[in-house]
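Undergrad: predicted model and sequence below, questions to follow.
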Amino acid sequence: MRTHKTKKAGKFRGGKTHGYGSMKKNRGAGHRGGVGLAGTGKRSDTKKPSFWKSKYFGKNGFKRKNKIPLKTVNISFIERFPDRFSINKETKQGIELNLAKEGYDKLLGTGRPTRKYMIKVDYASKRAIEKIKEAGGTIEMEIAKLRRPATKSPKIAKEQ
């Protein structure tokens, strides 16, 4: 049983290049030629045709600027956690919720309402409006100026 493992550097002693071929190849990254797909298809069309159809070269599409993310809430979240909403009143018509004051911008339609809700919110999806109305509730949309300016775009912050 071997107790001492021979080190790789010891095996290469006496060999001038230590297994790297030319000595200049082992100096740094100078012989590498790039990283990733650098140089692909520049010589003799080896891989170039496989990249023509892909989105590797050039700029693709566009990125929309000045988009302010909306804070959303689903109907299922309201049903499961009614205690999280501090501004709610139970009346004969139903439960009053002001989601705009709670910090939510949009109501989404995932889930089923089991009670009547009278909701005030800036935006709501079509499905959310249908489901709340089917349950006998109402949605009052207060489309106001967006309260939170975008953090990335200084133009919107100046306009408000």
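TA: Alright, I've got the coordinates.
Undergrad: so where's this structure shaky on pLDDT?
TA: Counting by pLDDT under 70, the low-confidence segments of the chain come to 1, 39-48, 57, 87-88, 142-160.
Undergrad: my guess is Lys106 contacts Thr72. True?
TA: Yes. Between Lys106 and Thr72 there is a contact under C-beta atoms under 8 Å: 4.7 Å. C-beta here means a position set from N, CA and C on the backbone, and glycine is covered the same way.
Undergrad: distance check, the spatially most central residue of the chain against Asp105.
TA: Centroid-nearest residue in the chain: Pro69, 11.1 Å away (criterion: C-alpha atoms, centre = their mean). Computed with C-beta to C-beta, to the nearest Å, the distance linking Pro69 and Asp105 is 9 Å.
Undergrad: joint contacts of the two?
TA: Listed contacts common to Pro69 and Asp105 are nil; contacts here mean C-beta atoms under 8 Å, 6 or more residues apart in numbering.
Undergrad: please, where are all the strands along the protein?
TA: Applying DSSP state E to the chain gives strands spanning 72-74, 88-90, 95-98, 106-108, 117-121, 123-124, 138-141.
Undergrad: please enumerate the helices of the chain.
TA: For the chain, helices defined by DSSP state H occupy the ranges 8-11, 48-52, 75-80, 99-102, 126-134, 154-159.
Undergrad: so which of the strands of the chain comes closest to Lys11?
TA: Closest approach to Lys11 among the strands of the chain (C-beta to C-beta): strand 72-74, 62.7 Å.
Undergrad: residues in contact with the closest one?
TA: 99, 104-111.
Undergrad: identify the farthest-apart pair in the residues you listed.
TA: Asp105 and Gly111 (17.9 Å).
Undergrad: neighbour count: those two, which is higher?
TA: Per other C-beta atoms under 10 Å, whichever of Asp105 and Gly111 has more neighbours is Asp105, with 19 against 15.
Undergrad: nearest residue to that one in space, please, no chain neighbours.
TA: In this structure, Asp105 finds its nearest non-sequential neighbour in Leu70, 4.0 Å apart by C-beta to C-beta, 6 or more residues apart in numbering.
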